[in-house]
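**Q** for reference, the sequence and a predicted model appear below.
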Amino acid sequence: QWYQRRVRAVPKNLTVKCGQCNNDLGKSENVIKCNKCKWYYHTKCMSISKSMIKPVTRYSWDCPSCKTCSVCDAADGEESLMFCDICDRGYHTYCVNMSAL
């Protein structure tokens with residue numbers, strides 16, 4: 001399927017290490033590339049489940065270090081930044097009217 005091809009985007013002639021665990025990325029493993037820092041990650045290291053892979057590959061994914069709020073695009077307020085369990089995008093609680101959390 002198209003999203004599996006996009007997730008497995010490690011160049012065949014390149015040895016790449018996961019930005020989280022620092023292990024080599026196997027050619028048969030699901031990996032994803034951060035849109036901003038361009039590092040590759042195992043989907044399992046980023047806690048991206050099989051059900052999340054399709055939604056996550058529909059937009060430019062950012063790793064936790066590069067993630068910003070999808071509403072205001074700010075990286076500050078990390079203590080208020082939450083991640084969607086479906087698409088892995090980040091949202092400040094105050095940007096989505098959940099400031100009581």
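**A** Thanks, I have it. Computed from a predicted model, the values in this text were never measured in an experiment. Numbering: from 1, shown residues only.
**Q** which regions of this protein lie under the pLDDT threshold?
**A** Low-confidence segments of the chain, defined by pLDDT under 70: 1-14, 27-28, 99-101.
**Q** all strands of it, in order?
**A** Across the chain, reading from the start of the chain, the strands by DSSP state E fall at 31-33, 40-42, 81-83, 90-92.
**Q** what lines up beside the third one in the sheet?
**A** I take that to be strand 81-83. Pairing partners of strand 81-83, with direction, according to DSSP bridges: strand 90-92 (antiparallel).
**Q** for the second one, same thing?
**A** Using DSSP bridges, strand 40-42 pairs in its sheet with strand 31-33 (antiparallel).
**Q** quick one: the partner strand to chain centroid distance?
**A** Its chain's average C-alpha position is 8 Å from that of strand 31-33, according to Cα atoms, centre = their mean, to the nearest Å.
**Q** repeat for stretch 47-58
**A** On the basis of Cα atoms, centre = their mean, stretch 47-58 is displaced by 9 Å from the centre of the chain it belongs to.
**Q** got the CA positions of that stretch in CSV?
**A** Coordinates of each C-alpha in stretch 47-58 appear next as CSV, following Å, rounded to 0.1, in the frame of the first residue of the first chain:
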residue,chain,number,x,y,z
SER,A,47,5.2,4.5,19.6
ILE,A,48,3.5,4.7,16.3
SER,A,49,1.2,1.8,16.1
LYS,A,50,0.1,0.0,12.9
SER,A,51,-3.2,1.8,13.0
MET,A,52,-1.4,5.2,13.2
ILE,A,53,0.9,4.6,10.2
LYS,A,54,-1.7,5.6,7.6
PRO,A,55,-2.8,8.8,9.3
VAL,A,56,0.7,9.8,10.1
THR,A,57,2.0,9.5,6.5
ARG,A,58,-0.8,11.8,5.2
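**Q** return the set of buried residues in it.
**A** Of all the residues in stretch 47-58, those buried under the rule 16 or more other Cβ atoms under 10 Å are 48, 52-57. C-beta coordinates here come from the backbone N, C-alpha and C atoms, glycine included.
**Q** how about stretch 75-83?
**A** Of the residues in stretch 75-83, those buried by neighbour count under the rule 16+ other Cβ under 10 Å are Leu81.
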